[in-house]
Every structure is written in C-alpha cells, then in structure tokens.
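Engineer: this one's structure only:
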Ligand SMILES: Nc1ncnc2c1ncn2[C@@H]1O[C@H](COP(=O)(O)OP(=O)(O)OP(=O)(O)O)[C@@H](O)[C@H]1O
C-alpha cells in the first residue's frame, strides 16, 4: 500500500463507486428473469413489464458502465501525466554533473513504457477490489434466505481464489520487477551505444556491442515469458476454481429441484424460479473475484513501475540545495605568477565571492579545502592549472551545478543555494567545455527559437556575419555535426552575447583544440562580449592570459588550505 499512499491512488471517487456496483444491476435482472419464469403461466402483461424492465436496466447499466469507465481512465491518465511531469521536472532539476543521474534510456523507459502500466492498475484495480468486497457479500445475503448450504458452498469455495493470489503474488511481483529492470537497462545501453556509434565503428567494436545487446534481449525474452507464464497459469487456475464452484452449485440446485437432495434448505422445497435465481447469481458471485485476478497482473506490473518512478523522482542530487551560512574572513587571491595578490578596489563591488570553500567528490580526496577567492565586478580572470586541478569543478560550484560541502559562494552578493539559484543563474552566462548543438538550424541553435533584434550585430561580434548569412538556416546534425570546432566556439559566444542581462560569464576552455588563428578570433570575441561584465575563464591558453586582468593557477597547494582564512 506504500505506493498507493504515495499519491498514485486518490480517495474513492463517484465513478469508482458506480463502476464497482454495476454487477448489482445483474442481481435485479436475475430477479426479473426468475419472475418471468415464475409467472410464465399467468398474465402476459407481467412478463412484458418484466422484460422491458430488464432491457431498461441493461441500458442504464451500459451507460453507467461506459461513463464511469471513461472517467476512471481519464483520471488515471491525468494521474500518470502528473507523475510524468514530476519525473521530468526532477530530471530537469538534476545536476548534469551528478554521477547518480539515471541513464537517459532507463529514465525514458520508466516515463513512457512503464508509466502506461499505471493506467489500468490505477483505473481498475481499486474499483474492482471494492466490487470484490461488496458484490459477493450482497449475493450471499440474497441466497441465504433460500438455502444455507448453497451459501456455505459459495462461502467455502470463494477464499481459494484470494488465497491463490497471495501465493503467486510475491513471485509475480518479483518477476515483473526483474522484467522492467532488464528493459530499462537495455534501453539505457542501446541509447548509450547509439550515441557513441561513431566511436564504436572506428574502433571496430560494433560487433561486441551488438552481441551484448542480443544477450540482453534474450534475457528480456526469458523474463517476459516468465511473467506471462505466471499470468496465464494464475488465470487458468482461477478460471478452473470459479468454474468448479459454479458447477457444484448447478449440481446441488439441479438435484434439489429433481428431489434427490433435500438438505441445506429452510424447510420448503425451492420453486423453479427460486432455483433459477440462485443459479443465475452463482457465476456473478465468482465474477468480481475473477475480474480482480485479471487485473492482478496490471497491479503487479504497475507496482513495479511505481517503484521505479519513485526511484527516478528520488534519484541523484538536485542542482543545488540550501547552503550553509556565509562566514566572513580575509580573502587572499592566487595569481598566475604564484604571488598571492589582494584586489584592493574591485571596479564594481565583488561579482563572485568564495569563502572557505570545501568540496570533494570523494571525502578523503578534496578538490578544494578552505579555498577563498574574490572576483571583482567587470574583472576578467583566467583560471589555469594542470589537468584535474579543479577549474571546471570551480565553475560548476559557482553556477550551483554541484553543491559545496562547506563554505559559501556568493554571486552578485547572493549566496548560491536552492532559494536563490534562479535569480543567480539569470545573471550568469555559461559556456561549458562541450556546448550542445541541437538538430535544428544554426539560428535556432543560437536563439533557442526566441526573437532577438539586430541579431547580425551579435554575429558580427564573433566575426560570424558572412558565415551566418550563408548558413543561418542550415540545419545542424544532433550534437553539432556540420560546424567546425572554431565556428562552434564562436557560435557559443553569440549564444552568450544574446543574453544581455548576464553580468558574470563562466567559460570553460573556449580555445581548447583550436588552431592559433581560430583561437585568436575566439579570444577577440570573448573579450568584446565580456566588456562591462565579470569573466572567469578556465584555460591553458597563454594568449588568453594576456588579455585578462588576472590569472589564477589552481593546484593542490592553492586549493587546499589547512585552516579557514
Ligand atoms: N563527476 C565527477 N565525479 C568524480 N570526480 C570528478 C567528477 N568530475 C571531476 N572530477 C574530479 O575532480 C577533479 C577536478 O576536475 P576538473 O574537471 O575540475 O579538472 P580541470 O582542472 O577542469 O581539468 P582539465 O584541464 O583537464 O579540464 C579531477 O580529479 C576529476 O577527476
């Protein structure tokens, strides 16, 4: 019931009640049919009225059934949409740098395929459970005045069905869980390998990937067959039990009407109409239990899917959480020539303030310990240091993509934490080491389909006017096929330049892998774009250092200090 409490199944609705109680119409129809048999020799009018009543009851039942079921499925789909929205919102809010991030293929499988199984579980299982609790009880109460033994027979045979579910339930649940897990893993693997198909081809490794995929799909077939075997076996056994129950009742009533069996009744022999009434109700006694059994598989699959949804929504670190208090302490700057230097008078207040920052992916191996740094307003600073020194991590910490273990980071005077992050990011211009390019036109890739005036002026900033005039509407391939590294870097800078409200630019290796000529164009563009803004750029490029106000070299000695400063 945990998942139900988690919000999947809301309170009892009118549609659920109507849908659950629909079989009661059949009880009335059975009574009328028996009445027709009882009055077969009497007035025709009674038979006609009873016949019409049956038709009207059947029509009402069909209408109520149609609308209640429609409503149940509509609500259930809405419920699923809510879960999908929650899942997507959570994925959206997860840090792209989190190692705990669920593989995209697995997440897609949960949101799309597994999500669908929640619909019929949510729509039908609960009303059918209510039906199974109420309808057999009503039927027992109606049969009891005619025959206590018939009542007892039904009462004894009925619990076999729930007992059987209980026995197979755990096994079925385990099998369904394994099936979804396998499917999610396979989707994740497939998507991952499709993304890296170029590398696999070049390294001649497609065969091995295909082999592993084939092995995974064989496993999936085996698991799916196991789930289906349990589902078919359980339905077959349940059908058998309910058929035996109905047959037993038919034999008992039949022999009583023939005068062979006389025990189990309250004195008088049953009339044909009374016997018929009991016989008509017997299948309806087992029907709700059989229906419940048929949605048992939906419940099992839905529950396994629900667990995965809960896992998806709860997995990984969100982008940033509430950080600790800001502590005041003297700031010492590190410069490229290794002589620490104070910024005496920042041009426009401090754009970035880092105080006693501690962070490590592994606690025993901190990347930063009691690290402090200030970047002035409109100051341009290059971050350098050996590979792995922590340049990208520092940029990610400032942008709130990872959470500091200790200390405080302020951007424009606001502490980087969950409460301020939107406001902070609205002022940050970010260009990661690998900007993503979408399968859209070059223009859409720069503007993200928003409207900007004088876009050519911005392209001109990055020396891209001619390029854009020729190719603005050309479609790029997924991931940026169709532009060179230098063009991609300059286009990324135009993306930045368009965000005029940003005053803190965080740039990661803009000139990496570029030839000197392209690197110069990128550096010129970067300097132009960063005019009037604060710039923190991670780089190894000496040409870029020359254009900066300050160069800070990160190293274990600089990053990690014994005591707070
Ligand atoms: N998601 C992660 N999980 C675990 N460790 C990580 C993760 N990201 C980075 N690191 C580690 O953190 C340290 C700093 O990495 P970072 O990417 O900041 O280096 P860098 O200075 O930018 O290097 P480069 O110049 O090669 O880009 C490295 O030791 C790296 O292995």
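Structural biologist: Thanks, I have it. Remember, it's a predicted structure, so these values are computed and weren't measured experimentally.
Engineer: tell me, how many residues neighbour residue 478?
Structural biologist: 11 (other Cβ atoms under 10 Å). Glycine gets a C-beta too; all of them are placed from N, C-alpha and C.
Engineer: for the residue lying closest to it once chain neighbours are set aside, helix, strand, or coil?
Structural biologist: Setting aside the residues directly before and after it, residue 478 is nearest to residue 439 in space (Cβ to Cβ, 6 or more residues apart in numbering), at 4.5 Å. Following DSSP: H, G, I helix; E, B strand; the rest coil, residue 439 is assigned to coil.
Engineer: distance of residue 439 from the ligand?
Structural biologist: Residue 439 sits 27 Å away from the ligand, going by Cβ to the nearest ligand atom, to the nearest Å.
Engineer: that residue against residue 482, yeah?
Structural biologist: No - applying Cβ atoms under 8 Å, one finds residue 439 not in contact with residue 482, separated by 10.0 Å.
Engineer: so what sits against both of those two?
Structural biologist: Counting by Cβ atoms under 8 Å, 6 or more residues apart in numbering, the shared contacts of residue 439 and residue 482 are 475, 476.
Engineer: I'd like the next helix or strand past the helix or strand bottoming out on mean pLDDT in the chain.
Structural biologist: When the helices and strands of the chain are compared on mean pLDDT, DSSP states H and E, helix 2-3 comes out lowest with a mean of 46. Helices and strands here follow DSSP states H and E; after helix 2-3, the next one along the chain is helix 14-21.
Engineer: mind listing what's buried along that following helix?
Structural biologist: Burial within helix 14-21, assessed by neighbour count using 16 or more other Cβ atoms under 10 Å, is assigned to 15, 16, 18, 19, 20, 21.
Engineer: how close does the nearest residue to the third one once chain neighbours are set aside get to the ligand?
Structural biologist: Across the structure, with Cβ to Cβ, 6+ apart as the measure, the residue nearest residue 18 apart from its sequence neighbours is residue 68 (4.2 Å). As defined by Cβ to the nearest ligand atom, residue 68 lies at a distance of 51 Å from the ligand.
Engineer: list the contacts of residue 68.
Structural biologist: If you count contacts by Cβ under 8 Å, 6+ apart, then residue 68 has 15, 16, 18, 19, 22 around it.
Engineer: shaky segments in the stretch 1-150 of the chain?
Structural biologist: Scanning the stretch 1-150 of the chain with the threshold set as pLDDT under 70 gives 1-11, 99-100.
Engineer: let me redo that: the chain
Structural biologist: The model of the chain has pLDDT under 70 over residues 1-11, 99-100, 165-166, 169, 315-348, 480, 564-565.
Engineer: report the residue ranges of every domain in this structure.
Structural biologist: For the chain, the TED database gives the domain ranges 79-313, 350-553.
Engineer: and the stretch 301-450 of the chain, which of its residues are near the ligand?
Structural biologist: Contact residues, the stretch 301-450 of the chain versus the ligand (Cβ under 6 Å from any ligand atom): 361, 367, 385, 387, 388, 389, 390, 391, 392, 393.
Engineer: so the fourth one sits in a strand?
Structural biologist: No - counting by three-state DSSP, residue 387 is not found in a strand; it is coil.
Engineer: any idea how far residue 247 is from it?
Structural biologist: Distance of residue 387 to residue 247, computed by Cβ to Cβ, to the nearest Å: 79 Å.
Engineer: which of the contacts of residue 68 sits closest to the ligand?
Structural biologist: Taking Cβ to the nearest ligand atom as the measure, the ligand lies nearest residue 16 of the contacts of residue 68, at 46.8 Å.
Engineer: which residues are in contact with that closest one?
Structural biologist: 68, 72, 126, 127, 130.
Engineer: would you point out which residue is most central in this structure?
Structural biologist: In the chain, the centroid-proximal residue (Cα atoms, centre = their mean) is residue 87; its distance is 3.2 Å.
Engineer: from memory residue 297 sits against residue 168, does it?
Structural biologist: No - between residue 297 and residue 168 there is no contact under Cβ under 8 Å: 10.2 Å.
Engineer: select only the buried ones of the residues of the stretch 301-450 of the chain next to the ligand in PyMOL?
Structural biologist: Here is the PyMOL command that selects only those of these that count as buried (16+ other Cβ under 10 Å):
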select buried, resi 367+385+389+390+391+392+393
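Engineer: want to try CSV for the residues of the stretch 301-450 of the chain next to the ligand, with distance to residue 204 as columns?
Structural biologist: Below are those laid out as CSV (distance: Cβ to Cβ, whole Å):
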residue, distance to residue 204
361, 33
367, 37
385, 37
387, 29
388, 30
389, 35
390, 36
391, 35
392, 32
393, 35
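Engineer: pick out the most distant pair among the residues of the stretch 301-450 of the chain next to the ligand.
Structural biologist: Largest separation among these by Cβ to Cβ: 361 and 385, giving 17.0 Å.
Engineer: list the buried residues of the helix or strand containing residue 470.
Structural biologist: Assigned by DSSP H and E, residue 470 belongs to helix 465-471. Neighbour counts over helix 465-471 (16+ other Cβ under 10 Å) mark 467, 468, 471 as buried.
Engineer: check which helices and strands that helix sits against.
Structural biologist: Secondary-structure packing of helix 465-471 (3 or more Cβ pairs under 8 Å, 6 or more residues apart in numbering; DSSP states H and E): helix 442-447, helix 455-461.
Engineer: out of the ones you listed, which gets nearest to residue 549?
Structural biologist: Here helix 455-461 is closest among the helices and strands packed on helix 465-471 (Cβ to Cβ), at 20.4 Å.
Engineer: helices or strands up against that closest one?
Structural biologist: helix 442-447, helix 465-471, helix 485-498, helix 516-529.
Engineer: and those helices, which is most packed in?
Structural biologist: helix 485-498 (a mean of 22; mean count of other Cβ atoms under 10 Å).
Engineer: at contact distance from the ligand, anything in the helix or strand that that one is followed by?
Structural biologist: Where DSSP H and E defines the elements, the next helix or strand beyond helix 485-498 is strand 504-508. No - contact of strand 504-508 with the ligand (Cβ under 6 Å from any ligand atom) is absent, the minimum separation being 7.2 Å.
Engineer: what strands line up against strand 504-508, and which way round?
Structural biologist: Counting by DSSP bridges, the strands paired with strand 504-508 are strand 428-431 (parallel), strand 534-538 (parallel).
Engineer: what angle separates the longest one from helix 516-529?
Structural biologist: In other words, strand 534-538. Interaxial angle, strand 534-538 versus helix 516-529 (axes from the mean of the first three to the mean of the last three Cα atoms, to 10 degrees): 150 degrees.
Engineer: circling back: the residue nearest to residue 478: how many residues sit nearby?
Structural biologist: 13.
Engineer: any idea how far it is from residue 507?
Structural biologist: In terms of Cβ to Cβ, residue 439 sits 25 Å off from residue 507.
Engineer: same question, residue 159
Structural biologist: On the measure of Cβ to Cβ, residue 159 and residue 507 end up 70 Å apart.
Engineer: residue ranges of the helices in the stretch 151-300 of the chain, please?
Structural biologist: For the stretch 151-300 of the chain, applying DSSP state H, counting those that start in this stretch gives helices covering 160-195, 197-202, 206-257, 272-294, 296-314.
Engineer: do you know which of those lies nearest residue 524?
Structural biologist: Set against residue 524 and scored by Cβ to Cβ, the helices of the stretch 151-300 of the chain come closest in helix 197-202, at 32.0 Å.
Engineer: pull out the buried positions in that closest one.
Structural biologist: residue 200.
Engineer: distance between it and the chain's centre?
Structural biologist: With Cα atoms, centre = their mean, to the nearest Å as the basis, helix 197-202 stands 30 Å off its chain's centre.
Engineer: check which helices and strands it sits against.
Structural biologist: Helix 197-202 packs on helix 206-257, going by 3+ Cβ pairs under 8 Å, 6+ apart.
Engineer: which helices and strands sit right next to the helix it packs on?
Structural biologist: For helix 206-257, the packing partners by 3+ Cβ pairs under 8 Å, 6+ apart come out as helix 148-157, helix 160-195, helix 197-202, helix 272-294, helix 296-314.
Engineer: run the angle between that helix and helix 148-157 for me.
Structural biologist: Computed by the same axes, to 10 degrees, the angle between helix 206-257 and helix 148-157 is 170 degrees.
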